[in-house]
Structures are given as structure tokens and as C-alpha cells.
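Novice: compute the structure for the input listed below.
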Amino acid sequence: MAMRLTGLMSGMDTDSLIQELVSARKTKVDKEVKAQTKLEWKQDAWKDLNKKLKNLQNKFVGNMRFVSSYSKKTTKVSNSSAVSVITGEGAVNGVQELKVKKLAKTAYLTGAKVAKLDGEKATALTKISELGNIDANANITLNGEALFAEGELTADTTISDVLTKLKEKGLNASFDENNQRLFVSAKESGAENDFTLSGTGMALTALGLSVKNNGATKIAGQDAEIELNGATFTSSTNTFNINGLTFTALSKTAENEVVTVTTQDDTDGIYDMIKDFLKEYNSIINEMDKLYNADSAKGYEPLTDEEKEALSESEVEKYEEKIKNALLRRDSNLSSISSALKQAMSGGVEVNGKMMYLSDFGINTMGYFNAPDNEKNAYHIDGDPDDENTSGNADKLKSMISNDPSTVISFFSKLSQNIYEEMSNQSKSVDGYRSFGNFYDDKKMKSDYDSYKSKIADLEQKLADYEDKWYKKFAAMEKAMAEMQSNTNAVTSLLGGM
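Specialist: Sure thing, here's the model as predicted:
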């Protein structure tokens, strides 16, 4: 913007005069900016609520509508130090007897301490001939197969060369310089992975790997063995997968000891799933009621920057909070979704030819006169130790899960299906208004917001043009006054010279 020099001739505060002239038109801009700000806040409020509704539908209701989600079982063992058990989906309820006969072992060869003929400590680069006298035909065999090709093992072959050959055959092999011993082991446990080292020409003896001649020790690879209900099972590891259960043998059982393995429905797991769902539902329905029943903010509009300057930060925050809390007050879309959820929750479900309701499982609202404001549609479980309102009641839900789990599962899976379908109906795509899966008119709000942007830009341009027009008028006046003053001075000068 060009520099404006005004009021030089007239002595008038033209800036103030012009701002007064345009102020009336500026209120039109402010009005649209406030409306746009209010819409933006409303968008944010819906985005937050929409996220919570989608989480309720996808994470909770979407999972609970499937009967398989309730197939929770747990397994207990009488001696957890002997065996641990993981319960799979196909596990069958019942009590089984188990014995741990053997634990899996990994084949492990600990070499005897080696010694160089010169008395120095050996290293990985030490030659076999430096550890002992070996024959020209010396070799090492692994499970009956020569480790070195004919003539390949010589007086210059080092400990490192032997380790490399053993590793190439699939074994772990290392030399501990601190303890002056070679260590060889299988990579996996079990009898199939056992190995045998033998040799000719004293090579094995020089390396300290001869079990019979110079004190190396060997642990043979061994399979684990358990006896389950009288049947014997073996595994190369200590893990057994049998009929939906994963057993891990931890220690041998005493000769006459029998470990009992009890598999049953996990009543706590089903109960917790229902309780978590109700907790999430209550949180959302209470929030929706609070938003819908919020106090009116009539007469409150977002503040302009100039208006904010006249208030403290806390005053601005409090003022804006008043508006934000009332953004969804009496919102028809909010009412529709809230009513649909409440109706689905209170509706009956047919189980084995009988209509059943949440109340049949000890789940109820507190009633209109007993519940706090905006919590009248929340559900409470009788006997829930975490709910001070119903903790003293008999726990009907947990009792029914223990005694009649099929009825509980059938009811809640069908109820969840009804809720899921109703939520899907409430979040259908509507051309020009709503995207698929959203519970509010996101497309319409975005379109309205963009319209405000265009309208505000047009009004601001018109305001700037109007302001420029007045500056030009005052500038012209100043110019005319300057010319008149110049003419007056000229006449005065002429008269004075006569």
C-alpha cells in the first residue's frame, strides 16, 4: 500500500474520519468472519464426537457381534513350575492329567583344556601341530563323514580352520581363549540334532575334543517327552501343541506326580468385554446428552482481534468456552444419532424363542430421578465392584456367564449386531452432505466453510476499495486547498509589490 500523507493542508485527522466512514461496512466483514469461526468450531466438535462414535462401532460393537469373539477360555495347571499352558481357540473344556517325563536337550560338547607344546596360551590361529603330534593321515569326522577333504588337514591347519569347518556343517563352534577350550553345540535341541565327533591321527585329541581320551564332556541331544491322559508325546523342543493347547515343559515331574490341567470358559474375559463396551457407550451417550442439553449461548459470538485486546486471556477463554459448549445444543443430527443408539440398546433380542433385554442380565439405567443430569441413559451392571451405585447388588451377569454362557453370548452378539446396523444407517454416505462412515455432514460443512472464505474475501476487497475511494477524495481536497493557498500567496505577493 502506498504511503498516505493526509491532513497537511486542512489540518484534519483524515485517517480517523475515514475509519469512521468505513466502520459501518467493516461490521459486515466481521459478521461473516464470526460466522465462519463458529462453523469451524462446530466442525471440530463433530470431528471429535465422530471419532469416538466410529471407535465404539469398530472396536467394540463390531467385534462383539461375532459369536467367536466370546470364545474365551482359560487353563489352569496344578503345578506351574512343571508346565505352562497357552489356551488356543480350539481348546476343549475339561480336566486332563499330565506328566513331564523328559526335557529337551541340545547336544553340547565341551572340550578339554588345550595346551601348546611350548607352554604358551593358544589362540584361534594356533596350529593343531602346536598342540600335539598328529599323524599325516589325521582327520576329524562328524557323524561318520570326514570334516576335511583328503590331505586338506595338515600340520598348518589352525583352530580357526577347524571351527570354520564345523560351522559350515551347521554347528555352533567357538574357542574360548580365556579358558583355553573349544565349545561345539547343535543349533537346535532334540535327538535328531545330536552329533558325534570322532577322528584319526590324534587330531581330535590335540584339540581337546576327544571324550574318551582326554576328558571332553558331551551332552547328547534329547527329545522332550510328556504323558497326557496316558498317551506319550515327544518333541524336539519343550513345546507341544495338542488339541488347542500349547504345553511348555519346564521341569520333570516326580515319579508318581500327576499335574492336572483344567480348561474352562473364561468368565472374567467375557464379563470384562461387556463391561468395557458399556463403559465406552456410557461415556459417549453422556457426552451427547450434555452437548444436546447445553445451556444457551444466545447473544454470544466469536470475538474479533480488537475485541480480544480489551479482555484478559482468561476472560477470552471463558467467553469462547461458553460458545463452544453450546455449539451442538438442540442439534437435530445429534438428536437422531443419540436416539438411535438409545433405542437399539433398550430394544429386545430373541434368544431361544424368548425376548430378552439388558435388564434380564442385571444391567439397567439408574432411572430419571436417581441419575445425575446428562447421565440418565447410562447403564450400570449390578454387582460391579467399580460402580458405587450398584456394587452392593447381586452380580447377575457374572452368574449367568458361569451357568449359562450360551444365552449370554447369543444375546450380546445379536444386540451388538443391531447396534452396528443402526450405526451404519446413521453414517451412510449422502451426496453433497456426508462422506461414508461419518456421523455428521462433513461435506456440507466444508462447502459452507469455503463459501464463507470466498464471501469474506469479496467483502474485504470491497471494503478496501471503499476506503481507497475516501482517501482519494480527501487527497483531492488537500490538493485543491494547496493550489488555492498557492494562488492566494501569489496574489498577496503581487499586491504587496505594487
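Novice: dihedrals phi and psi, Lys218?
Specialist: The phi/psi pair for Lys218 (degrees, to the nearest 10) reads phi -130, psi 130.
Novice: got it, and Phe233?
Specialist: Per degrees, to the nearest 10, the backbone of Phe233 is at phi -130, psi 140.
Novice: quick check: the gap between it and Val261.
Specialist: For Phe233, the distance to Val261 (CB to CB, to the nearest Å) stands at 13 Å. Every C-beta, even on glycine, is put in place using the N, C-alpha and C of the backbone.
Novice: neighbour count winner among the two?
Specialist: Val261 (21 against 16; other CB atoms under 10 Å).
Novice: now the more buried one, what's its secondary structure?
Specialist: strand (DSSP: H, G, I helix; E, B strand; the rest coil).
Novice: and what about the nearest residue to it once chain neighbours are set aside, helix, strand or coil?
Specialist: Excluding the flanking residues, the one nearest Val261 by CB to CB, 6 or more residues apart in numbering is Gln96, at 4.4 Å. Secondary structure for Gln96, judged by three-state DSSP, is strand.
Novice: for Gln96, what are its contacts?
Specialist: 228-229, 260-263 (CB atoms under 8 Å, 6 or more residues apart in numbering).
Novice: can you do 7 Å?
Specialist: The contact partners of Gln96, by CB atoms under 7 Å, 6 or more residues apart in numbering, come to 228-229, 261.
Novice: excluding its backbone neighbours, what's nearest Met63?
Specialist: Small correction: residue 63 is Asn, not Met. Nearest to Asn63 is Ser69, by CB to CB, 6+ apart, at 5.1 Å.
Novice: part of a strand, is that neighbour?
Specialist: No. Counting by three-state DSSP, Ser69 falls outside a strand, being helix.
Novice: and it, how close does it get to Asn93?
Specialist: Distance from Ser69 to Asn93, by CB to CB: 18 Å.
Novice: of those two, who's got more company?
Specialist: Ser69 (16 against 10).
Novice: quick one: the more buried one and Gly62 touch, right?
Specialist: No. The criterion here is CB atoms under 7 Å, and Ser69 misses it with Gly62 at 9.5 Å.
Novice: His380: how many residues sit nearby?
Specialist: 21.
Novice: per-residue confidence at the most centrally placed residue in the chain?
Specialist: In the chain, the residue lying closest to the centroid (CA atoms, centre = their mean) is Lys59, at 11.5 Å. The per-residue pLDDT reported for Lys59 equals 93.
Novice: mind listing the helices for this structure?
Specialist: 14-55, 62-64, 159-168, 203-206, 211-214, 267-292, 305-309, 313-325, 332-346, 396-403, 405-426, 442-496 (DSSP state H).
Novice: can you add mean pLDDT and give these back as TSV?
Specialist: Listed next are the helices of the chain as TSV, based on pLDDT from 0 to 100:
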stretch	mean pLDDT
helix 14-55	84
helix 62-64	95
helix 159-168	97
helix 203-206	92
helix 211-214	80
helix 267-292	96
helix 305-309	88
helix 313-325	94
helix 332-346	96
helix 396-403	93
helix 405-426	96
helix 442-496	73
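Novice: pick the most buried one from those.
Specialist: Most buried of these by mean neighbour count (mean count of other CB atoms under 10 Å) is helix 203-206; its value is a mean of 24.
Novice: can I get that one in CSV? Just the C-alpha atoms.
Specialist: C-alpha atoms of helix 203-206 as CSV (Å, rounded to 0.1, in the frame of the first residue of the first chain):
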residue,chain,number,x,y,z
ALA,A,203,43.9,-84.5,15.7
LEU,A,204,40.8,-84.7,17.9
THR,A,205,42.9,-85.4,21.0
ALA,A,206,45.2,-82.4,20.2
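Novice: helices or strands next to it in the packing?
Specialist: Counting contacts by 3 or more CB pairs under 7 Å, 6 or more residues apart in numbering; DSSP states H and E, helix 203-206 packs against strand 139-142.
Novice: contacting residues around the strand it packs on?
Specialist: With CB under 7 Å, 6+ apart, strand 139-142 has contacts from 146-148, 153, 162, 169, 195, 197-201, 203-204.
Novice: ok, stretch 29-36 next?
Specialist: The contact list for stretch 29-36, computed with CB under 7 Å, 6+ apart, reads 301-302, 304, 449, 452, 455-456, 459-460, 463.
Novice: repeat the analysis, applying 10 Å as the threshold.
Specialist: Stretch 29-36 is contacted by residues 22-23, 301-307, 323, 448-453, 455-460, 462-463 when judged by CB atoms under 10 Å, 6 or more residues apart in numbering.
Novice: same thing with stretch 423-432?
Specialist: 50, 53-54, 56-58, 61-62, 333, 336-341, 344, 434-441, 443-444, 447.
Novice: end to end, how far does that stretch reach?
Specialist: From its first residue to its last, stretch 423-432 covers 20 Å (CA to CA, to the nearest Å).
Novice: please apply the same query to stretch 47-63.
Specialist: Termini of stretch 47-63 sit 23 Å apart (CA to CA).
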